[in-house]
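Chemist: Quick one: sequence and predicted model below, then my questions.
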Amino acid sequence: MYNLAPMSGDDRGSARSPEAESTQHKTLAGRVAQGDATAETELVHVFTPRISMMGMVRIGDREAVRDLVQEVLIAVISALRRNQLLEPEKLAAFVAGTARNLINNYIRKKARRPPEETLSWDLERAVVDSELRDAEQQRVLELAMSALDEDDRQLVTMILAHDMKPRQIAARLGVSAEVVRTRKLRAVRRLAGLVKEMSRS
C-alpha cells in the first residue's frame, strides 16, 4: 500500500526526518483549523502529487483521478476546519487513509456511479497550485486571478472561499444552476490559460 509522503517546493532535493515532518504537519493542520487560507494552499501543494500517484496506480483513469484528488482534499480540509483530526502530527496518515477510503469507494461504486460534473474550481485550483513551487509562481496565480473579469472572479471566490455549490450560487445570483456550471467551466479554463500564459512570459 502506498503511503502519502508530503512533497513541496522546499522538500525537493533534501531529506526530511520523520520528526521534522511530523512537526511540520502538526503546524500545518493547526493553521488550517484556525482558518488560514495560505495553509490550505500549502496543504494542496504538499499532498496533491502523492494523492494523484496513488489514484493512478489504483484506478488508472486520469480524469477520474483528478476528480478524486479534489474529493480527498475537500474532505481533509473540511475535517481540519472542524478540528476532527485529534492527532495533527499524523496529518499524512490521515490524508492517506482518506484517499484510500475514497479510492475504494470509487472502485466499488464505479459500475453504478452516475456521471459527475467536470472541472470544479477546487480541483483546478489544486492542479494549478500543485505546479506553483515558489513565490514568483504564486504571484503569477494572483495576477491571473486579478485578470479575470469581475463576474468570474466573484464566482470562483464564492466557490473557493465559501465552498458554495452551484445551486446555492444560482440562488444568490438569481440565475439557474446550469448557468452557474457553464460560467464556472469558462472561468476555470480562463484562469488556467492565464496562469500558463503568464508563466511563459
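Modeler: Perfect, I can see it now.
Chemist: domain ranges for this structure?
Modeler: The chain breaks down by automatic domain parsing into domains covering 18-109, 121-200.
Chemist: winner for burial among the ones you listed?
Modeler: Sort those by mean neighbour count, taking mean count of other C-beta atoms under 10 Å, and domain 18-109 sits at the top with a mean of 17. Backbone N, C-alpha and C define where each C-beta goes, glycine included.
Chemist: Got the phi and psi for the residue of the chain most remote from its centre?
Modeler: No residue in the chain sits farther from the centre than Gly174, which is 27.8 Å out by C-alpha atoms, centre = their mean. Backbone torsions for Gly174, taken as degrees, to the nearest 10, come to phi 80, psi 30.
Chemist: Over to Arg82?
Modeler: Torsion angles at Arg82 (phi, psi; degrees, to the nearest 10) stand at phi -90, psi 10.
Chemist: how near is it to Leu191?
Modeler: 28 Å (C-beta to C-beta, to the nearest Å).
Chemist: Quick check: Leu91 touching Thr23?
Modeler: No: if you go by C-beta atoms under 8 Å, Leu91 and Thr23 don't touch, sitting 10.8 Å apart.
Chemist: Can you list the low-confidence ranges for this protein?
Modeler: 1-16, 111-141, 160-163, 199-201 (pLDDT under 70).
Chemist: Remind me what the longest helix along it packs against, helices and strands.
Modeler: In the chain, assigned by DSSP state H, the helix with the most residues is helix 177-200. The contact analysis (3 or more C-beta pairs under 8 Å, 6 or more residues apart in numbering; DSSP states H and E) places helix 177-200 against helix 121-130, helix 135-147, helix 150-162, helix 166-173.
Chemist: and the gap between Lys184 and Glu63?
Modeler: Lys184 is 17 Å from Glu63, by C-beta to C-beta.
Chemist: ugh, wrong one, Thr157
Modeler: On the measure of C-beta to C-beta, Thr157 and Glu63 end up 26 Å apart.
Chemist: swap in Leu173?
Modeler: For Leu173, the distance to Glu63 - C-beta to C-beta - is 28 Å.
Chemist: now Glu89
Modeler: 34 Å.
Chemist: Ala92 now?
Modeler: Ala92 sits 26 Å away from Glu63, going by C-beta to C-beta.
Chemist: Likewise for Met164?
Modeler: 24 Å.
Chemist: again with Asn101
Modeler: 20 Å.
Chemist: Surely Ile59 touches Asn104?
Modeler: No: in this structure, Ile59 is not within contact of Asn104 by C-beta under 8 Å, at 10.6 Å.
Chemist: for whichever strand or helix holds Asp67, packing partners?
Modeler: Per DSSP states H and E, Asp67 falls inside helix 62-81. Packing partners of helix 62-81 (3+ C-beta pairs under 8 Å, 6+ apart): helix 18-33, helix 37-58, helix 91-109, helix 121-130.
Chemist: Just want the angle from it to helix 37-58.
Modeler: Using axes from the mean of the first three to the mean of the last three C-alpha atoms, to 10 degrees, the inter-axis angle of helix 62-81 relative to helix 37-58 is 140 degrees.
Chemist: Using PDB, write out every CA atom in helix 62-81.
Modeler: Taking C-alpha atoms only, helix 62-81 is exported to PDB below (Å, rounded to 0.1, in the frame of the first residue of the first chain):
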ATOM      1  CA  ARG A  62      -6.700  10.400 -15.300                       C
ATOM      2  CA  GLU A  63     -10.000  12.300 -15.300                       C
ATOM      3  CA  ALA A  64     -11.400  10.100 -12.600                       C
ATOM      4  CA  VAL A  65      -8.300  10.600 -10.500                       C
ATOM      5  CA  ARG A  66      -8.500  14.400 -11.000                       C
ATOM      6  CA  ASP A  67     -12.000  14.300  -9.500                       C
ATOM      7  CA  LEU A  68     -10.800  12.000  -6.700                       C
ATOM      8  CA  VAL A  69      -7.900  14.300  -5.800                       C
ATOM      9  CA  GLN A  70     -10.500  17.100  -5.300                       C
ATOM     10  CA  GLU A  71     -12.700  14.900  -3.100                       C
ATOM     11  CA  VAL A  72      -9.800  13.900  -0.900                       C
ATOM     12  CA  LEU A  73      -8.500  17.500  -0.500                       C
ATOM     13  CA  ILE A  74     -12.000  18.800   0.300                       C
ATOM     14  CA  ALA A  75     -12.700  16.000   2.800                       C
ATOM     15  CA  VAL A  76      -9.300  16.600   4.500                       C
ATOM     16  CA  ILE A  77      -9.600  20.400   4.700                       C
ATOM     17  CA  SER A  78     -13.200  20.200   5.900                       C
ATOM     18  CA  ALA A  79     -12.200  17.800   8.700                       C
ATOM     19  CA  LEU A  80      -9.300  20.000   9.700                       C
ATOM     20  CA  ARG A  81     -11.600  23.100   9.700                       C
END
